[in-house]
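Peer 1: give me the fold of what follows.
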Amino acid sequence: METNEMGPFEKWIARISHVLIYFSAGFLLAMLFLGTADIIGRYLFRKPVVGTVEIFEVLLPAIVLLGLAYTQQKKAHIAIDLFYSRLPPKPRAILGFATTCWAVVLFGLMGWQGILQSTLHRQTGSVITNIGVPLFLTRLFVPIGAFAILLVLIVDLRHLLTQIRKGN
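Peer 2: Residues are numbered from 1 along each chain as shown. This is a model prediction of the structure:
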């Protein structure tokens, strides 16, 4: 769906997914610079950057989780459509609706559990070794990413319902 055909709710969700993909790209760029600095420090100056591994462990999941909503919005996830593409439009929309409902449940559970994990780490005061960052902050990437893709999936459900009703 083109941006000019979107309603206000869909535009708002598109903006959120765009902001999150920019954060994801920024984290990827930060990993690139940090990795380069670590390699240069390690092999040229015999002094690696402290905490590089821990920072990578935080940023890698953030890159993936924050990019989910944008990828879903652009329909860029990997799909095996050998069977799916051969279905008539209405059964294809019904199957899409069923799988999207399942994804809504899974990402809803993922977001809820992410909030619980983040809250638990905040209460215990856990920090990441070597860099001292509170662990609960890094765990927030899970619910942020899950709820962002959840919003995109809700828009997808609306479009699929329209396709089912129209029969095409």
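
Peer 1: going forward, measure contacts and count neighbours with C-alpha atoms only.
Peer 2: Will do.

Peer 1: now find how far off-centre the least confident helix or strand in the chain by mean pLDDT is within its chain.
Peer 2: For the chain, using mean pLDDT, DSSP states H and E, the weakest element among its helices and strands is helix 135-139, scoring a mean of 91. Here the centre of helix 135-139 is set off from its chain's centre by 16 Å, with C-alpha atoms, centre = their mean, to the nearest Å.

Peer 1: what's the helix or strand that that helix is followed by packed up against?
Peer 2: For helix 135-139, the succeeding helix or strand toward the C-terminus, using DSSP states H and E, is helix 141-166. For helix 141-166, the contact count by 3 or more C-alpha pairs under 8 Å, 6 or more residues apart in numbering; DSSP states H and E identifies helix 8-44, helix 52-73, helix 89-124 as packing neighbours.

Peer 1: pick the most deeply packed of those.
Peer 2: Mean neighbour counts were taken over those using mean count of other C-alpha atoms under 10 Å, and the top value, a mean of 20, falls to helix 52-73.

Peer 1: wouldn't R139 be in contact with G114 here?
Peer 2: Yes - counting by C-alpha atoms under 8 Å, R139 sits close enough to G114 to count as a contact (6.6 Å).

Peer 1: returning to what we had before: in the least confident helix or strand of the chain, which residues are buried?
Peer 2: Within helix 135-139, the residues that qualify as buried by neighbour count (16 or more other C-alpha atoms under 10 Å) are L135, F136, T138, R139.
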